[in-house]
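Engineer: Sequence and predicted structure below; questions after.
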Amino acid sequence: MRIICNRRELGEAIKAALAFTDQRGNVPIMAGLLLACDDEYLAIRAHNNEAFFSAVVGLREGDGAGQAVVSARLLHDIVHHLEGEEVTIYSEESFLVINREDNAEFKLATMPTEDFPAPPEITRRLVEGLPADEFLYNLERVSRAAAIPRHNRPYLEVVKLEFSERILYVVATDSYRMAVCRMEVEAEGEWEFCVPTPIIRKAQIIAEAKTLSLSLDEAYAHMVLSSGGRTLWVRLGELKFPQYRKFFPEACMFEARVDKREFQRALKSMARLGKTIELDIGDGIMHVRTTVEGVGKGDIWISAEHQGQGYRQYLNAEFLLDGVSAIRGEKVCLGFNEPNQPVLITGADRDDYKYLLMPIRVDGGTPGLKGEVVEENGTAV
């Protein structure tokens with residue numbers, strides 16, 4: 001095994017693969033990268049308990065096929081700090097040698113290649129030519145509503161993908177809020193599965209081309225995303241997701257429209273002061289305010305378009321900011337029904353994204369979405 005490749009391209013591929021290794025030190029092979037080459041290409045592979053990753057780099061010179069497993073962190077740091085345009089890599093007994101233009105040389109101890117697991121075979125192509133930026137952006141803005149791992153609710157620590165009638169729905173919820181995004185795609189059949197949120201939040205790494213493909217492995221245990229020379233296998237989560245459609249109201253009894261940027265600025269300012277904010281809408285004005293005992297209070301007034309006398313609601317400032325920030329367009333629409341029902345947040349001119357947020361009870365306690373999930377304290381959500 002002896003290869004010469006572009007240092008910058010190699011460094012970018014190693015950096016991407018490093019994100020899918022386990023650097024906690026419990027299993028050394030999971031902290032390593034497998035380098036596998038032929039005469040034309042070098043494949044860099046990584047894996048952890050939730051995913052496999054592969055990146056392909058073109059070679060300037062190749063002399064025979066070969067494989068080696070080395071520490072991902074050390075390889076990344078060495079290549080990152082090297083200078084020059086080209087890097088030479090070759091095997092020497094139990095070491096992998098990294099050489100730069102004959103004036104810098106590093107040797108890394110190798111690990112057994114047979115201990116490095118192979119990714120599952122891709123057998124079912126679901127979508128080809130999926131716009132990479134659009135799809136990955138939708139994953140990111142929806143994943144904000146997913147439960148975080150420390151809440152110990154793995155069935156909600158996921159993003160659900162559901163395809164039906166040429167529409168791909170991307171959904172997430174933590175039982176206090178819910179986000180749904182829809183995009184038109186060309187695919188066959190109907191399918192649905194759930195993907196763990198921590199890995200989904202790293203999916204931007206694979207966007208090496210303008211489009212990507214979405215597939216499943218032979219056992220239907222992994223979703224596979226491929227773009228250019230990069231491929232990501234993500235272990236699927238349990239399909240115990242709530243029936244999300246029933247939570248969204250068909251109509252709202254009161255609606256208000258505000259400028260998105262102005263509303264964002266107000267929410268960012270209030271979130272620094274307190275967790276809970278009050279929205280008091282009336283007379284063409286939305287009054288955003290918060291009061292924190294022993295800390296202080298804040299008041300911001302912004303213009304609002306609405307019909308009717310007005311509406312007052314108490315909401316989590318950070319959660320509301322997440323929903324508003326994910327809206328496209330210049331205007332945000334807030335829809336209200338009964339005081340104990342969730343607020344619906346959408347774009348005033350687009351219907352591709354919807355965000356539900358439960359209000360905060362003024363007497364304390366934050367209820368979740370009513371339905372199939374039950375919180376630890378026994379509150380039905």
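Structural biologist: Yep, that arrived. Numbers count the residues shown, from 1 in each chain.
Engineer: quick one: secondary structure of the nearest residue to residue 229 once chain neighbours are set aside?
Structural biologist: Spatial nearest neighbour of residue 229, excluding adjacent residues (C-beta to C-beta, 6 or more residues apart in numbering): residue 56 at 3.6 Å. Yep, even glycine has a C-beta here, placed from its N, CA and C like the rest. At residue 56, secondary structure determined by DSSP: H, G, I helix; E, B strand; the rest coil is strand.
Engineer: got the phi/psi numbers for residue 204?
Structural biologist: With angles defined as degrees, to the nearest 10, residue 204 sits at phi -60, psi -20.
Engineer: Residue 79 is in contact with residue 12, isn't it?
Structural biologist: No. The pair residue 79 / residue 12 is not scored as a contact, 9.7 Å apart, by C-beta atoms under 8 Å.
Engineer: neighbour count winner among these two?
Structural biologist: Taking neighbours as other C-beta atoms under 10 Å, residue 79 and residue 12 compare with residue 79 leading, 21 against 16.
Engineer: mind listing what that one touches?
Structural biologist: Residues in contact with residue 79 (C-beta atoms under 8 Å, 6 or more residues apart in numbering) are 7, 10, 11, 14, 87, 98.
Engineer: would you turn those residues into TSV with secondary structure and pLDDT?
Structural biologist: Formatted as TSV, those follow (DSSP: H, G, I helix; E, B strand; the rest coil; pLDDT from 0 to 100):
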residue	secondary structure	pLDDT
7	helix	93
10	helix	96
11	helix	96
14	helix	97
87	strand	92
98	strand	89
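Engineer: need the contact list for the nearest residue to residue 352 once chain neighbours are set aside.
Structural biologist: Nearest non-adjacent residue to residue 352, counting by C-beta to C-beta, 6+ apart: residue 182, 5.6 Å away. Residues in contact with residue 182, defined by C-beta under 8 Å, 6+ apart, are 167, 168, 169, 170, 352, 353.
Engineer: so what's the residue nearest to residue 229 scoring on pLDDT?
Structural biologist: Here, the pLDDT recorded for residue 56 equals 96.
Engineer: Identify the bridge partners of it.
Structural biologist: residue 43 (DSSP bridges).
Engineer: how much space between it and residue 13?
Structural biologist: Separation of residue 56 from residue 13 (C-beta to C-beta, to the nearest Å): 8 Å.
Engineer: where along the chain do the helices fall?
Structural biologist: Per DSSP state H, the chain carries helices over the ranges 7-18, 72-81, 132-143, 197-200, 260-273, 317-325.
Engineer: Now which of the contacts of residue 182 would you call buried?
Structural biologist: Among the contacts of residue 182, those classed as buried by 16 or more other C-beta atoms under 10 Å are 168, 169, 170, 352, 353.
Engineer: which ones are touching the closest residue to residue 58 other than its chain neighbours?
Structural biologist: Of all residues not flanking residue 58 in the chain, residue 41 sits nearest, at 6.1 Å (C-beta to C-beta, 6+ apart). Residues counted as contacts of residue 41 (C-beta under 8 Å, 6+ apart) are 56, 57, 58, 59, 62.
Engineer: ok, so of those residues, who is nearest residue 189?
Structural biologist: The nearest member of those to residue 189, counting by C-beta to C-beta, is residue 56 at 29.6 Å.
Engineer: Tell me if I'm right that that closest one and residue 226 touch.
Structural biologist: No. Judged on C-beta under 8 Å, residue 56 makes no contact with residue 226 at a distance of 10.6 Å.
Engineer: Looking at the two, which is more packed in?
Structural biologist: residue 226 (22 against 17).
Engineer: how close does the more buried one get to residue 82?
Structural biologist: 29 Å.
Engineer: Repeat that for residue 360.
Structural biologist: In this view, residue 360 and residue 82 are 54 Å apart by C-beta to C-beta.
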